[in-house]
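*Asks:* Got a predicted structure plus its sequence, pasted below:
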Amino acid sequence: MQGKQHVHEKTQWGVLVIALLGGLLFVGCDGPQAQAPPPSVPEVATVMVQPQQVVLTTELPGRTSAYRIAEIRPQVNGLIQKRLFTEGSDVHAGQVLYQIDPAPFQAAYDNAKAALGRAEANVPPIRSRVERYRELVPDKAVSQQEYDDAAAALKQAEAEIEIWKAALETARINLGYTRVTAPISGRIGISTVTDGAIVTAYQPVALATIQQLDPIYVDVPQSTTELLRLQRRLEDGRLMPDGTNQKKVSLLLEAGRAYPLEGTLQFRDITVDPTTGSVTLRLVFSNPKGLLLPGMFVRAVVKDGLSEQAILVPQQCVSRDTKGNPLAFIVDSGGKVQQRMLRLDRAIGDKWLVTSGLAPGDRVIVEGLQRVRPGASVKEVPFDAVQKSGAGPQGTNRPDSN
């Protein structure tokens with residue numbers, strides 16, 4: 001009897017549990033459904049496109065070369081008695097560099113001087129004879145032939161004087177050439193001869209070389225493609241000449257350090273190098289401290305002109321499609337993202353110069369690009385405010401600019 005009562009209690013507990021589970025299931029099915037929260041609108045940082053005046057420049061590689069170069073060669077044959085300069089020092093125009101043995105040239109000068117004196121001494125008596133014969137010819141005291149012979153002798157004596165004068169001048173010049181002087185001021189290099197060397201006039205090997213380093217030239221090649229593009233921009237009015245400032249040039253040294261003095265664009269060559277397809281620009285820089293040496297590799301920053309309505313955007317807002325074409329995303333008046341294909345000219349600092357694809361007033365997305373797509377709605381934050389706060393859109397940390 002007790003066993004039947006125990007089975008009956010178990011049955012009642014089972015029915016109660018099933019009823020309770022059924023009630024919970026009923027409530028779960030018929031009760032209100034849990035709704036997912038609405039998606040958040042992504043936040044982006046934008047900059048507004050504002051045209052500005054920009055001086056456009058082109059950075060070109062080049063090499064320095066001496067302003068003037070003089071190769072020192074003897075103008076007479078002889079023996080080098082003494083070298084009168086220190087190699088690697090600065091010399092001035094007219095300074096004596098070498099002394100060639102002057103003895104044979106002094107002797108030639110003295111000989112020519114003596115011969116000139118002798119020729120001059122023969123002239124007075126011959127001239128007196130001609131004058132006497134001129135008076136006696138009318139009286140038939142001397143014949144016409146004798147007078148003509150005397151007059152010819154006078155002309156010959158006078159011509160001989162001129163010959164010896166020229167010989168004396170030649171001897172004086174050659175004697176002066178025994179003092180080999182510097183034709184220009186500058187820095188002299190290594191001497192190829194020593195005391196006691198025999199040299200010949202106008203020999204192919206220079207005795208030494210002088211280079212003028214202040215001022216100094218910088219020669220840079222510019223491609224004809226870039227030159228024609230620049231001319232087309234000037235003709236189209238997209239670029240304005242910058243007056244006298246356009247001839248001002250700055251220089252970057254090998255270590256990337258800026259040269260402290262500005263230079264001047266002297267001229268553009270008109271001959272195109274057929275191997276490189278470029279023309280040479282010659283720049284002139286002052287070099288008072290001798291910092292620039294011939295043959296140094298430098299980079300010249302040449303001014304192309306002035307753009308009155310240049311559009312510059314930060315480089316980080318420009319991305320590329322699968323074909324490598326540049327593009328940017330803007331926020332339209334309805335707060336939606338739009339894609340714009342761009343045409344870029346050059347990088348200016350940390351910005352791109354845009355020639356087409358953007359218009360003044362466009363709001364270009366700089367940060368938050370990874371969370372947007374064309375047509376999506378976004379929340380806009382000025383990029384300047386993000387920079388000041390040091391945090392990116394939606395609280396993301398901005399990387400250190402350094």
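*Replies:* Okay, I see it.

*Asks:* Residues touching stretch 50-63, excluding its own?
*Replies:* Residues outside stretch 50-63 that contact it (Cβ atoms under 8 Å, 6 or more residues apart in numbering) are 218-222, 226, 239, 242, 245, 252, 281, 283, 295-312, 346, 348, 353, 360. Glycine gets a C-beta too; all of them are placed from N, C-alpha and C.

*Asks:* what about stretch 63-82, start to end distance?
*Replies:* From its first residue to its last, stretch 63-82 covers 36 Å (Cα to Cα, to the nearest Å).

*Asks:* now do stretch 367-382
*Replies:* For stretch 367-382, the end-to-end distance is 10 Å (Cα to Cα).

*Asks:* longest single strand anywhere in this structure?
*Replies:* Ranked by residue count, the top strand of the chain under DSSP state E comes out as strand 52-72.

*Asks:* Could you check that one and say which residues are buried?
*Replies:* Buried residues in strand 52-72, counted by 16 or more other Cβ atoms under 10 Å: Val54, Leu56, Thr57, Leu60, Gly62, Thr64, Ser65, Ala66, Tyr67, Ala70, Ile72.

*Asks:* returning to what we had before: just the buried residues from the contacts of stretch 50-63, in PyMOL please.
*Replies:* In PyMOL syntax, the buried subset of these is picked out as below (16+ other Cβ under 10 Å):
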select buried, resi 218+220+221+222+239+242+281+283+298+299+300+301+302+303+304+305+306+307+310+311+312+353
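
*Asks:* Name the secondary structure element that contains Val366.
*Replies:* Here Val366 sits within strand 363-367, counting by DSSP states H and E.

*Asks:* Quick one: list the elements packing against that strand.
*Replies:* strand 43-48, strand 326-331, helix 383-389 (3 or more Cβ pairs under 8 Å, 6 or more residues apart in numbering; DSSP states H and E).

*Asks:* can you tell me which of these the model trusts least?
*Replies:* The minimum mean pLDDT among the helices and strands packed on strand 363-367 belongs to helix 383-389 (a mean of 62).

*Asks:* Ala157 is nearest to which of the helices and strands packed on strand 363-367?
*Replies:* strand 326-331 (92.7 Å; Cβ to Cβ).

*Asks:* May I see the buried residues of that closest one?
*Replies:* For strand 326-331, by 16+ other Cβ under 10 Å, it's Pro326, Ala328, Phe329, Ile330, Val331.

*Asks:* mind listing what it pairs with, with the direction of each?
*Replies:* Applying DSSP bridges to the sheet, strand 326-331 is found paired with strand 319-320 (antiparallel), strand 337-341 (antiparallel), strand 363-367 (antiparallel).
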